[in-house]
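# Give the three-dimensional model of this entry:
(4 chains)
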Number of protein chains: 2
Amino acid sequence: MNELTDYIKKGIPLSDDIQNKLEEITVEKKVVKGEIILPENSNKKEHIFVASGCLRSFYKAENGKEHTLQFAIKNWWIGDYMTLYTNDKSVVSIESLSHSKILVIDHSNIEKIYLEYPQFEAFQRRNFERRIATLQKRILSLLTLSASEKYDQFVTDYAAFEKVIPNYQIASYLGITPESLSRIRKERINK
Amino acid sequence: MNELTDYIKKGIPLSDDIQNKLEEITVEKKVVKGEIILPENSNKKEHIFVASGCLRSFYKAENGKEHTLQFAIKNWWIGDYMTLYTNDKSVVSIESLSHSKILVIDHSNIEKIYLEYPQFEAFQRRNFERRIATLQKRILSLLTLSASEKYDQFVTDYAAFEKVIPNYQIASYLGITPESLSRIRKERINK
DNA sequence: CGCGACGTTGATTTGCCTCAACGATTGTGG
DNA sequence: CCACAATCGTTGAGGCAAATCAACGTCGCG
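Numbering: from 1, shown residues only, chains lettered A, B, ... in the order given. Below you'll find the predicted structure:
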């Protein structure tokens, strides 16, 4: 039993057979703060399940600036979906923001599980639907909110993250500069 | 046979049995330009498959401004994923931008198909993975690009859409004002 | 025709960025 | 254990991309 099968069992029943197969294909890794788990321009198609700690995926623009696509904590998946079904190399890097324990699964192996175990596919389908919802909500935030409002929403939605993540990375997630975030936080304190 | 089963057959085999069930649960509608198919604050949990024409989903902010979440043409799905698994009323409206033919499916009915026909679930799972990729790409665009660059990307990625969609709606998709888009387009012509 | 929706253009404003400098904190090697 | 560098957050001054506000032309349509 590992953290992934543990997590799946909370949602759906899991036969010993499938559980064993899932555990066979997961590669457990312990990573330290600042460690790059999956660099950009990689050919790997891997999904990462966070057992503990905190990760983020980010895109590095031509000018060198990093833009955070996602943060992930316990029981979240993170990976490069943009290049899953293309021959392109990965466009985002995945980095650990703390001591973390992660379970790495190759996409081709997870596809095999889907074939053998339709209930897991159903489980993931719902998971993906919720992720689509989360991403759409983020897009609406980016379209509608001011820098200050975006930070408000981040604090309420991701309270668990806020203490672990440096401000300049929060800024890069919200699409603002660290300086602007600093000024926004200053305003909050003065109230 | 309808456009949906036709589309599915291009990807995976479809038994007569399942095909019939799919066609039973789809409600075909013809809608005109400007027609609201699914208003905000609705309790319906419906997926819409576009057979022909063009649709969009948008969020109306408190100040009355509309922000376009998605455009959809032939063979695309559109719906409110943000409220699929909540009791909240829908947050986006779905509108037709042309004479369109759509297939409406209630979420509870599509769930039944998933149960009976795992291959369709697999088909959708891959579909969702690609949509996640598309949404993530959009988020990166919003985080990294200038107004002008976002328009460039829109024109190349959505060439098929560009002629059908009024400019102020393209602007609301890109997160800029119609005035700014007008000036950007003017620049293009002068080159 | 005349109205409303849409696109354009100009003048002005503004929210946020850029650039620069400077503490605070952390960690690292001598 | 301390000196030093590197990283991060903060603050200020100035600039700019895009928003706002306002006016007007054009087109399609009841």
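
# Now do the SS call for A:Ile78.
strand (DSSP: H, G, I helix; E, B strand; the rest coil).

# A:Gln70 is in contact with that one, correct?
Yes: assessed by C-beta atoms under 8 Å, A:Ile78 is found in contact with A:Gln70 at 5.9 Å. C-beta: built from backbone N, CA, C; applies to glycine.

# anything in contact with each of those two?
A:Arg56, A:Ser57 (C-beta atoms under 8 Å, 6 or more residues apart in numbering or on different chains).

# What number of neighbouring residues does whichever residue of chain A sits closest to DNA strand C come out with?
For chain A and DNA strand C, the shortest gap (C-beta to the nearest atom of the strand) falls at A:Ser180, measuring 3.0 Å. As a burial measure, A:Ser180 scores 15 neighbours (other C-beta atoms under 10 Å in any protein chain shown).

# so what's it closest to, chain neighbours aside?
A:Ala147 (5.4 Å; C-beta to C-beta, 6 or more residues apart in numbering or on different chains).

# Surely the one you found is in contact with A:Pro178?
No: with contact defined as C-beta under 8 Å, A:Ala147 does not count as touching A:Pro178 (11.6 Å).

# Low-confidence regions, chain A specifically.
Across chain A, the ranges flagged by pLDDT under 70 are A:190-191.

# Residues of it that sit close to DNA strand C?
A:Ser146, A:Ala147, A:Ser148, A:Gly175, A:Ile176, A:Thr177, A:Glu179, A:Ser180 (C-beta under 7 Å from any atom of the strand).

# At which residues are the strands of chain A located?
A:27-31, A:36-38, A:46-52, A:54-60, A:66-73, A:77-79, A:92-96, A:100-106 (DSSP state E).

# Any idea which of the ones you listed gets closest to A:Ile139?
Across these, A:Ile139 has its closest neighbour in strand A:66-73 (12.3 Å, C-beta to C-beta).

# Need the strands of chain A in a markdown table (columns: distance to B:Ser52).
Formatted as a markdown table, the strands of chain A follow (distance: least, C-beta to C-beta, whole Å):
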| stretch | distance to B:Ser52 |
| --- | --- |
| strand A:27-31 | 47 |
| strand A:36-38 | 41 |
| strand A:46-52 | 36 |
| strand A:54-60 | 36 |
| strand A:66-73 | 34 |
| strand A:77-79 | 35 |
| strand A:92-96 | 36 |
| strand A:100-106 | 40 |
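
# circling back: what's the spacing between the residue nearest to A:Ser180 and A:Ser141?
Using C-beta to C-beta, to the nearest Å, A:Ala147 is found at 11 Å from A:Ser141.

# And for A:Lys163?
From A:Lys163 to A:Ser141 the distance is 21 Å (C-beta to C-beta).

# How about A:Asp152?
10 Å.

# Compare neighbour counts for those two and give me the winner.
Legend: neighbour count by other C-beta under 10 Å for A:Asp152 and A:Ser141, higher for A:Ser141 (18 against 14).

# Chain A: helices as residue ranges?
A:3-11, A:16-25, A:107-116, A:118-144, A:147-157, A:159-162, A:167-174, A:178-189 (DSSP state H).

# Quick one, which of those gets closest to A:Val92.
Closest among the helices of chain A, using C-beta to C-beta: helix A:167-174, at 12.5 Å.

# Need the CA coordinates for that closest one. PDB is fine.
This file holds the C-alpha atoms of helix A:167-174, laid out as PDB (Å, rounded to 0.1, in the frame of the first residue of the first chain):
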ATOM      1  CA  ASN A 167       5.800  35.500  -2.500                       C
ATOM      2  CA  TYR A 168       7.500  35.900  -5.800                       C
ATOM      3  CA  GLN A 169       6.100  32.600  -6.900                       C
ATOM      4  CA  ILE A 170       2.600  33.500  -5.800                       C
ATOM      5  CA  ALA A 171       3.100  36.600  -7.900                       C
ATOM      6  CA  SER A 172       4.200  34.600 -10.900                       C
ATOM      7  CA  TYR A 173       1.000  32.500 -10.400                       C
ATOM      8  CA  LEU A 174      -1.200  35.500 -10.300                       C
END
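
# Residues in contact with it: which ones?
For helix A:167-174, the external contacting residues (C-beta under 8 Å, 6+ apart) are A:56, A:58, A:65-68, A:71, A:97, A:147, A:150-151, A:154, A:162, A:177-178, A:180-182, A:185, B:143.
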